[in-house]
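**Student:** Quick one, fold the following:
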Amino acid sequence: MDPTFLGWRLFHTDLWELLFKFAIDLVVVYVLIRLIYYPIHKKKDFLFTYFLFNVLIFFLCGLLNSVKLSTGFGFGLFAIFSILRYRTEQISIKDMTYLLAVIAVAVVNALLSKKVSLAELVFTNGTILLTTYVLEHLWLTRHEAMRLVTYEKIELIQGERREELLADLGRRLGIKVSRVEVGKIDLLRDTAQLRVFYFEDEQSLRSFNEMPQDSDD
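**Tutor:** Below you'll find the predicted structure:
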């Protein structure tokens, strides 16, 4: 008889299966986020979000599945998390797509049953990684880079002055700006957090240390 504490078993052989699934999940999400996503998008704050989301949803689905809840319940959780939006700042479509990907990877690996062969598991995870890599590095050859900027001319963030905003940012950063997303606005300091996007193949970007300084005019 297995040893127990307050009626709970202290150890169950299912632990090894859980650890095996978790190891596979970690490898897949590491390749997806650290080796495919981050080298292009350079958003360190999203690394924390993606990895933690993946781990939390993996264990949520894995442990609930161990008590014989239906697979449909797991996909219900996937649907709930897939429509989640952070209200503190806007998330781009591509960042949201990666969030869905890490959720899907966690659900797929956590709800894996022994009816699925290892070959099918490797094929599924490999296809997700390969498709993402091909889309990011081979098919979509124009990489849109991004810079975070604290901007003080908040009067230019109004929609009708967007062209002035792009021109001012392009002049001051020394790049050809493709688009801008407005983040947090600090009305006390009259500043706004901007995500400035540009295509690397359209210009030779100078470092921030080489940016021209504004005059007091």
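**Student:** quick one: the nearest residue to R34 once chain neighbours are set aside and V102, what's the gap?
**Tutor:** In this structure, R34 finds its nearest non-sequential neighbour in L47, 7.2 Å apart by CB to CB, 6 or more residues apart in numbering. For the C-beta atoms, the positions are set from N, CA and C on the backbone; glycine is no exception. L47 is 11 Å from V102, where distance means CB to CB, to the nearest Å.
**Student:** does N109 count as helix, strand or coil?
**Tutor:** helix (DSSP: H, G, I helix; E, B strand; the rest coil).
**Student:** how many neighbours does it have?
**Tutor:** For N109, the tally of surrounding residues (other CB atoms under 10 Å) stands at 25.
**Student:** contacting residues for it?
**Tutor:** Contacts for N109 (CB atoms under 8 Å, 6 or more residues apart in numbering) come out as K21, F22, I24, D25, V28, F58, L121, N125.
**Student:** Now it: closest residue in space that isn't a chain neighbour?
**Tutor:** N109 sits nearest to D25 (CB to CB, 6+ apart), 4.1 Å away.
**Student:** Using the three-state scheme, assign the one you found.
**Tutor:** helix.
**Student:** Check V149 too.
**Tutor:** strand.
**Student:** Which secondary structure state does the nearest residue to it once chain neighbours are set aside sit in?
**Tutor:** The shortest distance from V149 to any residue other than its chain neighbours is 4.6 Å, reached at L194 (CB to CB, 6+ apart). Here L194 is strand, with the state taken from three-state DSSP.
**Student:** Figure out the helix or strand that the residue nearest to R34 lives in.
**Tutor:** Using DSSP states H and E, L47 falls within helix 44-66.
**Student:** When L47 and V102 are compared, which one has more neighbours?
**Tutor:** V102 (25 against 14).
**Student:** if I look at the more buried one, how far off is F46?
**Tutor:** From V102 to F46 the distance is 10 Å (CB to CB).
**Student:** same deal with L112?
**Tutor:** L112 is 26 Å from F46, by CB to CB.
**Student:** again with I185
**Tutor:** In this view, I185 and F46 are 21 Å apart by CB to CB.
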